[in-house]
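Predicted model and sequence below, questions to follow.
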Amino acid sequence: MKLLLVTTALAFSSVAVQAGDAGKGEKLYGTHCVACHQATGAGIPGAFPPLADSDCLADKTLTLTAPVKGLQGKITVNGVDYNSAMPAFGLLPDEDIADIMTYVFGAWGNTGGDVSAEDITAVR
Ligand code: HEC
């Protein structure tokens, strides 16, 4: 019985380690992303695309790759064209980017789900 409890506790803690931490992600978003994408995630129309209610978020690979490698060239978000450049944040550890993207995918009515450090490693 004791062994079962320990095993269960381990199983739960490993899940908690894998999923990004939205609370930490919110702080990191405030440091690295807020200047352009804004605290509301609405961005600045015509200059910085929204992360709140953005039709781009459906493309999870693009959305996870943007903070890792940066993004430049033409992109259409919610019918508005952007042709600008976003810096890369690839120097941040996978865990930090996973926290940020877990926050982004869960904030402002978004429902993209949790992002793990492994998801970020996969797009490096
Ligand atoms: C200096 C301004 C700037 C900062 C800081 C910035 N971005 Fe961006 N971001 C942009 C621009 C500009 C684009 C569109 C690039 C293009 O035109 O190809 C973009 C596009 C995106 C996209 C894809 C389009 C969309 O709206 O879904 C995602 C996702 C994204 N950024 C996430 C982030 C995250 C997460 C951070 C913080 C780690 C961040 N950005 C920091 C300027 C910025």
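Received the coordinates, thanks.

State the distance from the residue positioned nearest the centre of the chain to residue 83.
Most central residue of the chain, judged by C-alpha distance to the mean C-alpha position with C-alpha atoms, centre = their mean, is residue 101 at 1.3 Å. For residue 101, the distance to residue 83 (C-beta to C-beta, to the nearest Å) stands at 24 Å. No exception for glycine: its C-beta is placed from N, CA and C like everyone else's.

I'd like to know how many residues surround the nearest residue to residue 60 once chain neighbours are set aside.
In space, and not counting its chain neighbours, residue 60 is closest to residue 112: 7.0 Å by C-beta to C-beta, 6 or more residues apart in numbering. As a burial measure, residue 112 scores 16 neighbours (other C-beta atoms under 10 Å).

just residue 66 next, same as before
Applying other C-beta under 10 Å, we find 21 residues neighbouring residue 66.

Can you report phi and psi for it?
Note on residue 66: its backbone torsions stand at phi -50, psi -50 [degrees, to the nearest 10].

Would you check that it makes contact with residue 86?
Yes - contact criterion C-beta atoms under 8 Å: residue 66 and residue 86 qualify, at 6.2 Å.

give the contact list for the residue nearest to residue 60.
For residue 112, the set of contacting residues under the criterion of C-beta atoms under 8 Å, 6 or more residues apart in numbering consists of 57, 60, 63, 104-106.

now do residue 66
Residue 66 touches residue 86, counting by C-beta under 8 Å, 6+ apart.

Same check on residue 86?
Here residue 86 is in contact with 36, 66, 70-72 (C-beta under 8 Å, 6+ apart).

one more time with 6 Å
For residue 86, the residues meeting the contact criterion (C-beta atoms under 6 Å, 6 or more residues apart in numbering) are 70-71.

Mind pulling up the pLDDT for it?
In the prediction, the pLDDT value recorded for residue 86 is 98.

That one and residue 19: what is the separation?
Counting by C-beta to C-beta, the gap between residue 86 and residue 19 amounts to 25 Å.

Check residue 90 too.
Taking C-beta to C-beta as the criterion, residue 90 is separated from residue 19 by 21 Å.

Could you pull out the helices in the chain for me?
Ranges of helices within the chain are 2-18, 22-32, 34-37, 60-69, 94-106, 117-123, based on DSSP state H.
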